[in-house]
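Novice: dropping the sequence and predicted coords here.
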Amino acid sequence: MADENPSNGADSKTPRFSVVAQYVKDLSFENPNAPRSFGPQNSNIELQVNVTGKQLAASDFEVVLNLEGGSGEGDAVIFKFELKYAGVFRVENVPAEQIQSLVMIEGPRLMFPFARQVIADAVRNGGYPPLYVDPIDFHRLYVKRYVEAGASAAQV
């Protein structure tokens, strides 16, 4: 009889990054000028992206992907949305100096397709064609934030 290994052959010291949970933390969709705003529109889509994180336990981290945007401005607002999509990630056997970048780059990268779908559905449910947000380079975003912070070690 073969020995059964509950870790599927993985060494107990193998680095692991796993998703514990994903969820919509906050969602807002505004459609202030409907139904006047329906029909052909020639408006640009604005999008702001922000990623925050915090440590929940020794190996668990919450990451929040904030996507805020819309079309039009002032009295000509077509729609606006704000999504805070969060995930809890478990990090095991990763050197301490690599945890922040792992969590703040890979966490949002894994959550992005789900957050993108939430936005597409909200915009479609508002009466417009679904808005599919272009892919985001979370590594570049992390490096930019790191440099802007003066290369200081910010807390995750």
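Specialist: Thanks, I have the structure now.
Novice: excluding chain neighbours, what is closest to residue 30?
Specialist: residue 80 (4.4 Å; C-beta to C-beta, 6 or more residues apart in numbering). Every residue, glycine included, has its C-beta placed from N, CA and C.
Novice: that neighbour bridge partners, please.
Specialist: Per DSSP bridges, the residues bridged to residue 80 are residue 30, residue 70.
Novice: state the number of residues packed around it.
Specialist: 18 (other C-beta atoms under 10 Å).
Novice: thought it was touching residue 69?
Specialist: Yes: using C-beta atoms under 8 Å, residue 80 is in contact with residue 69, at 7.3 Å.
Novice: same for the helix or strand bottoming out on mean pLDDT in the chain, what does it pack against?
Specialist: In the chain, no helix or strand scores lower on mean pLDDT, DSSP states H and E than helix 138-148, which sits at a mean of 90. Helix 138-148 makes packing contacts with strand 45-55, helix 96-125 when contacts are defined by 3 or more C-beta pairs under 8 Å, 6 or more residues apart in numbering; DSSP states H and E.
Novice: buried stuff in the last one?
Specialist: To tie it back to what came earlier, the one meant is helix 96-125. 99-100, 102-112, 115-116, 118-119, 122-123 (16 or more other C-beta atoms under 10 Å).
Novice: residue contacts, the closest residue to residue 20 other than its chain neighbours?
Specialist: Closest residue to residue 20 apart from its sequence neighbours, by C-beta to C-beta, 6+ apart: residue 88 at 4.1 Å. Contact analysis of residue 88 by C-beta atoms under 8 Å, 6 or more residues apart in numbering lists 19, 20, 21, 22, 56, 60, 61, 62, 63.
Novice: show me the beta-bridge partners of the fourth one.
Specialist: Judged by DSSP bridges, the bridge partners of residue 22 are residue 87.
Novice: I'd like the distance between it and residue 101.
Specialist: 20 Å (C-beta to C-beta, to the nearest Å).
Novice: repeat that for the second one.
Specialist: Per C-beta to C-beta, residue 20 is found 19 Å from residue 101.
Novice: same check, this time on residue 82
Specialist: 26 Å.
Novice: with residue 27 instead?
Specialist: 28 Å.
Novice: also residue 93?
Specialist: From residue 93 to residue 101 the distance is 16 Å (C-beta to C-beta).
Novice: with residue 21 instead?
Specialist: 21 Å.
Novice: again with residue 50
Specialist: For residue 50 relative to residue 101 (C-beta to C-beta), the value is 17 Å.
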